[in-house]
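Trainee: just the structure for this:
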Amino acid sequence: VQLVESGGGAAQAGGSLRLSCAASGRTFGAFAMGWFRQAPGKEREFVAGITWAGYRSETSDSVKGRFTISRGDATNTVFLQMNNLKLEDTAVYYCAARSGYFSRDVPDYEWWGQGTQVTVSS
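Mentor: Model prediction:
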């Protein structure tokens, strides 16, 4: 499975960005997907995850109510809509995939994208 993120960039606090992750290489629908982020000097952390069929999703407490994960199987893509961005959302965002149910743990994911930078300024 190959994962390619896009949509990162710069935004002002309170603004919005939408990240996309395009998957290729295997049957996309069989994989749970997750978004993680890593800020400088910090560990990579879970942001959001969604099941292969899209019937269940979760977000971390730090982004709950502001970020939404969704997927479009017809286009082999998963999205992360980020609203009301805060300075602390600045990080490199990674898309990840794993077979089976989604997980909040980094080691559980088998495939990773290269990451896309999100920078929020005041």
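Trainee: low-scoring stretches of the chain, by residue?
Mentor: 26-29, 73-75 (pLDDT under 70).
Trainee: can we see that at 90?
Mentor: Along the chain, the model assigns pLDDT under 90 to residues 1, 22-31, 51-55, 71-77, 99-102.
Trainee: okay, which residue is most central for it?
Mentor: Centroid-nearest residue in the chain: residue 35, 2.4 Å away (criterion: C-alpha atoms, centre = their mean).
Trainee: so what's that residue bridging to?
Mentor: When bridges are called by DSSP bridges, residue 35 pairs up with residue 48, residue 95.
Trainee: if I look at it, how far off is residue 122?
Mentor: 24 Å (C-beta to C-beta, to the nearest Å). (C-beta placed from N, C-alpha, C; glycine too.)
Trainee: which residues touch the residue nearest to the centre of the chain?
Mentor: Neighbour list for residue 35: 19, 21, 47, 48, 49, 69, 78, 80, 93, 94, 95, 96 [criterion: C-beta atoms under 8 Å, 6 or more residues apart in numbering].
Trainee: who wins for neighbours among those residues?
Mentor: Comparing these by number of neighbours (other C-beta atoms under 10 Å), residue 78 comes first, having 30 neighbours.
Trainee: I'd say that one and residue 69 touch.
Mentor: Yes - counting by C-beta atoms under 8 Å, residue 78 does reach residue 69; the two are 6.8 Å apart.
Trainee: overlap in contacts of these two?
Mentor: In contact with both residue 78 and residue 69: 33, 35, 50, using C-beta under 8 Å, 6+ apart.
Trainee: and the residues you listed, which is closest to residue 60?
Mentor: Nearest to residue 60 among the shared contacts of residue 78 and residue 69, counting by C-beta to C-beta, is residue 35 at 9.5 Å.
Trainee: so where do the strands sit in this structure?
Mentor: 2-6, 9-12, 17-24, 31-38, 45-50, 57-59, 67-72, 77-82, 91-99, 111-112, 116-121 (DSSP state E).
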